[in-house]
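**Student:** A predicted structure for the sequence below; I have some questions about it.
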2 protein chains.
Amino acid sequence: MTESTRPMRRQDIRRENEKAILLAAEKVFAEAGFGGATMQLIADLAGLPKANLHYYFATKEELYRSVVQNIFEIWLQAANCFDVARGPIDGISAYIDAKMEISRRHPDGSKVWASEVMHGAPVLQDYMESTLREWTDGRVAIIRRWIEEGKMDPVDPRHLLYMLWATTQHYADFGHQIETLNGGKPLSDRQWREAKENIKRVILTGIGAQPA
Amino acid sequence: MTESTRPMRRQDIRRENEKAILLAAEKVFAEAGFGGATMQLIADLAGLPKANLHYYFATKEELYRSVVQNIFEIWLQAANCFDVARGPIDGISAYIDAKMEISRRHPDGSKVWASEVMHGAPVLQDYMESTLREWTDGRVAIIRRWIEEGKMDPVDPRHLLYMLWATTQHYADFGHQIETLNGGKPLSDRQWREAKENIKRVILTGIGAQPA
DNA sequence: CTGAAAGCTGACCATACGGTCAGGATGCAA
DNA sequence: TTGCATCCTGACCGTATGGTCAGCTTTCAG
């Protein structure tokens, strides 16, 4: 049943194996950190022999880099929310929604990203100095415009962005702590919604966001 | 001059070496994670032969546990601010100040703590289920009282606490990112002050904190 | 002064890990 | 069907790491 037919085409094989490896790697890197992760563990989780990993990814570093870059893509995609928005209420609400969704659906990715940054971004330094900086500068400009247009109070845009990143990512990176304080149970749908609403409300009220 | 006389007493030797080892360990664990840290690296940084580390701390796990417990103490001490306060403005302001000071003075400690939690708190699980839970419940009660007394809007106390933790710790854990976005320079005194003021302002305004 | 306890360390060991490779299995184009 | 490129993998290797230990030096109580 489950394993009966295997008419796998070459392309499919490669794609599926890479996907399985990356998924397993993300989890193991998130749980153990780069140094604590082992190729054997990743291989076991992916259901492949270790040597097969090295067929697709030459080194542990290369595999790690792939994982981190994947995450960075997702992280940046959440940005679009900001651009289409008319004002801070729309834009920041949507951004918080997007980032909270990432925290909920990709907690491992978020952890790997956090770990990478905490350890000095050995892999992503280039991206941070180019792509991330440009992205940030763009959003800072948008926020500044909102302030000039009287749509929100004159809050430092950078610190506001840090606040958005911090509050949303916290639910992934410190998920274990939150879960423990929640009686050992993961947050329910309801609690996730409450978390989002709380963050939005406090921040939007806090910056004096005005309806566009 | 610097190294002339060494009338070290036993007690002093032990205290100073343990201190040096713990300091070095904190830094190495923060930079490399538990798995990436090596006893050799810690020993070198502490200026001691590796075997000497094992004289004071039998295993890497034991050393790590000591580091983490130290940090947990500091983390909890910032709590006192909350207790003595009359209302949300005093209490939360003081707490933000205290936590930002920790982020600035103990970034390595903060990172180790973050790493520990991200990896499922293998060492601190017990503390989190006892001490941390009690501490949190206590603060939740205080915030609830403030709400009942009309000193602030009815914001979910837990999510507010997470927000405080997230925003303040972010400046330590993601310090590298912030530094990169700051042109590769660490935040100046002024910028730290601005960061603190921004956080306070947004959150206190956001929760509708009323002067006691 | 003396002996025992505390502090110290170079040399060593077992293990685990990242990585390699020769050679087998499999799909696929011609 | 055939030949080749891709895919796969068990067995192996060198190294780095956590940890041990025998024996040395230093402190200090009596």
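**Tutor:** In hand now; what should we look at?

**Student:** just give me how far the helix or strand of chain A with the lowest mean pLDDT sits from the chain centre.
**Tutor:** Every helix and strand in chain A was compared by mean pLDDT, DSSP states H and E; the lowest is helix A:80-84, with a mean of 83. Put simply, helix A:80-84 sits 17 Å off its chain's centre (Cα atoms, centre = their mean, to the nearest Å).

**Student:** just after that helix, pick out the following helix or strand.
**Tutor:** Moving toward the C-terminus from helix A:80-84, the next helix or strand (DSSP states H and E) is helix A:88-105.

**Student:** show me what the mean pLDDT comes to for whichever helix or strand comes after that following helix.
**Tutor:** Using DSSP H and E, the next helix or strand after helix A:88-105 towards the C-terminus is helix A:107-118. Mean pLDDT, computed over helix A:107-118, is 98.

**Student:** ok, stretch A:10-28 next?
**Tutor:** Here stretch A:10-28 scores 94 as its mean pLDDT.

**Student:** ok, stretch A:163-178 next?
**Tutor:** The average pLDDT for stretch A:163-178 rounds to 98.

**Student:** walk me through the domains of chain A.
**Tutor:** Domain assignment for chain A by automatic domain parsing gives A:10-58, A:67-206.

**Student:** Throw those into a markdown table and include mean neighbour count, thanks.
**Tutor:** Any C-beta I mention is one placed from the backbone N, CA and C, and that applies to glycine too. Formatted as a markdown table, the domains of chain A follow (neighbours: other Cβ atoms under 10 Å in any protein chain shown):
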| stretch | mean neighbour count |
| --- | --- |
| domain A:10-58 | 17 |
| domain A:67-206 | 18 |
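
**Student:** could you dump those domains to a markdown table with distance to DNA strand C?
**Tutor:** Output for the domains of chain A, formatted as a markdown table (distance: least, Cβ to the nearest atom of the strand, whole Å):
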| stretch | distance to DNA strand C |
| --- | --- |
| domain A:10-58 | 3 |
| domain A:67-206 | 14 |
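
**Student:** quick check: which element contains the residue of chain A found nearest DNA strand D?
**Tutor:** Going by Cβ to the nearest atom of the strand, DNA strand D is nearest to residue A:51 of chain A, at 2.9 Å. According to DSSP H and E, residue A:51 maps onto helix A:50-56.

**Student:** so for stretch A:180-192, first residue to last residue, what's the gap.
**Tutor:** When the termini of stretch A:180-192 are compared using Cα to Cα, to the nearest Å, they are 15 Å apart.

**Student:** give me the contact list for it.
**Tutor:** Residues outside stretch A:180-192 that contact it (Cβ atoms under 8 Å, 6 or more residues apart in numbering or on different chains) are A:100, A:104, A:171, A:175, A:178-179, A:195, B:121, B:125, B:128-129, B:132-133, B:136, B:158.

**Student:** hmm, stretch A:151-166 touching chain B?
**Tutor:** Yes: using Cβ under 8 Å from any Cβ of the partner chain, stretch A:151-166 comes into contact with chain B via A:153, A:155, A:156, A:158, A:159, A:160, A:162, A:163, A:165, A:166.

**Student:** gap between the longest helix seen in chain A and the chain center?
**Tutor:** For chain A, the helix that runs over the most residues, judged by DSSP state H, is helix A:10-36. Relative to the mean C-alpha coordinate of its chain, helix A:10-36 is positioned 16 Å out (Cα atoms, centre = their mean).

**Student:** tell me what that helix is packed against?
**Tutor:** Using 3 or more Cβ pairs under 8 Å, 6 or more residues apart in numbering or on different chains; DSSP states H and E, the elements in contact with helix A:10-36 are helix A:39-46, helix A:50-56, helix A:60-77, helix A:107-118, helix B:10-36.

**Student:** now the angle from that helix to helix B:10-36?
**Tutor:** Per axes from the mean of the first three to the mean of the last three Cα atoms, to 10 degrees, the angle that helix A:10-36 makes with helix B:10-36 is 180 degrees.

**Student:** shouldn't residue A:81 be in contact with residue A:98?
**Tutor:** Yes: using Cβ atoms under 8 Å, residue A:81 is in contact with residue A:98, at 5.2 Å.

**Student:** list the residues that contact both of those two?
**Tutor:** Shared contacts of residue A:81 and residue A:98, defined by Cβ under 8 Å, 6+ apart, are absent.

**Student:** now do the contacts for residue A:163.
**Tutor:** Residue A:163 neighbours (Cβ under 8 Å, 6+ apart): A:203, B:167, B:170, B:198, B:199, B:202.

**Student:** got those as JSON lines, with secondary structure and distance to residue B:66 columns?
**Tutor:** What follows is the contacts of residue A:163, written out as JSON lines (DSSP: H, G, I helix; E, B strand; the rest coil; distance: Cβ to Cβ, whole Å):
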{"residue": "A:203", "secondary structure": "helix", "distance to residue B:66": "38"}
{"residue": "B:167", "secondary structure": "helix", "distance to residue B:66": "29"}
{"residue": "B:170", "secondary structure": "helix", "distance to residue B:66": "26"}
{"residue": "B:198", "secondary structure": "helix", "distance to residue B:66": "35"}
{"residue": "B:199", "secondary structure": "helix", "distance to residue B:66": "31"}
{"residue": "B:202", "secondary structure": "helix", "distance to residue B:66": "37"}
